[in-house]
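Q: Predicted model and sequence follow; I will ask about them next.
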Amino acid sequence: MGKIVTFITLCSSLLSASTALSQSTPTVALARGANYVALGSSFAAGPGIPAQLGVCGRSDHNYSNLIATALDLNLIDVSCNGATTDNILDTPQNGAAPQIDAISPDTALVTVTIGGNSINYTSSTFACAGTAPSERCTANLDRALISAAADQLPAKLGSTLDAIKTKAPQAIIVLVTYPRVFPEDAVNCSELELSAEDTHYLATLGQQLEDIFVSTASNLQVLIADAYVLAAGHGPCAEAERWVNGATAADTGIRFHPTAEGHIEMARLVLTALGHN
C-alpha cells in the first residue's frame, strides 16, 4: 500500500511542477490512451530502479512510465541498456528488432535519449573510475575514435529523428537529454572516483553530448527536455536530491546513471515541454 501511495504522490508532484513551469507553453493535445513510444539507452531505461522489467534494464518507474501514467497514455517502452543510434534505426539488440519498429503511423508521442554509447561516453567513465592518476586512463583511450564518433553523432541523431518523423508524421517528438554526470566542480567530487585529468576529459565529452542534443533539437525543431542544464546541486556529490549516481549507487539506479529522483525530474521536464498540467 505504501508503494502505491508513493507512486500516486510522485505523479501528483509531476503534474503540479509541470503546471507551475508551463504557464507560457502551448499545450500539446494528447488523447487519453494515445500510443507513446519510448526510445533510447540505459539513461532512458532506468537500470537499478525498482521494479525491473525484462533484460534491458527497463524500470516500471523510469521517466517514460511516469509520463504515461501522468497523461494516461499507452506506453511501448523499447529503451535498452547499451543502445546506440544504430540500435534505434536498423540494428537488432538482445534478440529484439530495431527500436524504431515499435513506431507506427498512429504513434502520438515519442521520447528519445540516445547517443552516449555511440561516443563511448558511459563506457569510458566506467573504465576510468577508480583508476590511479598515474595510469592516465583517459589519455590511453582511443581518443581519435571517440572524437570521430562525436563528430558523426549530429548526423546520426538527425537521421534518427528524421526516421521517426517518416514513420509517424503526426507524432510529437521530445529529445530528452542526459542528466549531467559531472557537476561544475567535478574535480572536487570524490563520488566520481576519477583523477583531475580524467574528470576534465570526461566532463568535456559530456558537455559535447549536451551541445549536440541542444543544436539538433533546434535544427530539426523538436521539443527538448533538458535536465543537464538544471543539474546544479543535483550531481553525484549532492547531499540530497541526487539525480545521478557517482561511482557507487547511493540508493537507486546504477553507477553513473540517473537515480529514481533523476527519472522523476526527466519526466517533469517532458511534461513541461508538452505544456501539460
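A: Perfect, thanks for sending it.

Q: tell me the mean pLDDT over stretch 208-222?
A: For stretch 208-222, mean pLDDT is 97.

Q: Which positions within it qualify as buried?
A: Across stretch 208-222, burial judged by 16 or more other C-beta atoms under 10 Å covers 208-210, 212-214, 216-217, 222. C-beta coordinates here come from the backbone N, C-alpha and C atoms, glycine included.

Q: In the stretch 51-200 of the chain, mark out all the helices, start to finish.
A: Here the stretch 51-200 of the chain has its helices, by DSSP state H, counting those that start in this stretch, at 63-71, 85-89, 121-128, 143-167, 196-220.

Q: Tell me which of those approaches Leu175 most closely.
A: Taking C-beta to C-beta, helix 196-220 is the member of these nearest to Leu175, at 4.8 Å.

Q: Relative to the whole chain's centre, how far out is that closest one?
A: 13 Å (C-alpha atoms, centre = their mean, to the nearest Å).

Q: Show me what it is in contact with.
A: Helix 196-220 is contacted by residues 115-116, 119, 121, 124-125, 128, 131, 133, 136-139, 146, 150, 153-154, 157-158, 161-162, 175, 177-178, 180-182, 186-187, 189, 192, 194, 222-224, 226, 228-229 when judged by C-beta atoms under 8 Å, 6 or more residues apart in numbering.

Q: Just the buried residues from these, in ChimeraX please.
A: Those of these that count as buried under 16+ other C-beta under 10 Å are selected in ChimeraX with:
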select :115,116,119,121,124,125,128,131,137,138,146,150,153,154,157,158,161,175,177,178,180,181,182,186,187,189,192,194,222,223,224,226,228
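
Q: Run a quick check on Ala249 versus Gly48, I expect a contact.
A: Yes. Counting by C-beta atoms under 8 Å, Ala249 does reach Gly48; the two are 6.0 Å apart.

Q: higher neighbour count, the two?
A: A count of neighbours by other C-beta atoms under 10 Å puts Gly48 above the other of Ala249 and Gly48, at 20 against 16.

Q: OK, contacts around that one?
A: 57, 59, 249, 252-254, 257.

Q: And for Asn74?
A: Asn74 touches 33-36, 68, counting by C-beta under 8 Å, 6+ apart.

Q: List the ones among these that fall in strands.
A: 35-36 (DSSP state E).

Q: Which one of the contacts of Asn74 is nearest to Thr166?
A: Among the contacts of Asn74, Asn35 lies closest to Thr166 (C-beta to C-beta), at 16.5 Å.

Q: What is the burial count for that closest one?
A: Asn35, neighbours per other C-beta under 10 Å, totals 21.

Q: Just put the helices of the stretch 51-200 of the chain in CSV and tack on distance to Arg268.
A: Listed next are the helices of the stretch 51-200 of the chain as CSV, based on distance: least, C-beta to C-beta, whole Å:
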stretch, distance to Arg268
helix 63-71, 8
helix 85-89, 24
helix 121-128, 23
helix 143-167, 22
helix 196-220, 18
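
Q: and stretch 116-127, what's its mean pLDDT?
A: 97.

Q: I meant stretch 54-73, not that one.
A: For stretch 54-73, mean pLDDT rounds to 97.

Q: all numbers from here: first residue = 167
A: Noted, 167 is the first residue going forward, which turns the last one into stretch 220-239.

Q: pLDDT below threshold where in this structure?
A: Counting by pLDDT under 70, the chain contains low-confidence ranges at 167-192, 443.

Q: Surely Thr304 and Cys294 touch.
A: Yes. Thr304 lies in contact with Cys294 (C-beta under 8 Å); the separation is 5.6 Å.

Q: Okay, Ser289 and Leu368: tell me how far apart.
A: Between Ser289 and Leu368 the computed distance is 11 Å (C-beta to C-beta, to the nearest Å).

Q: Looking at these two, which one has more neighbours?
A: Neighbour count, other C-beta under 10 Å: between Ser289 and Leu368, Leu368 has more, with 25 against 14.

Q: Now Glu427: which helix or strand?
A: helix 426-440 (DSSP states H and E).

Q: Thanks a lot, catch you later.
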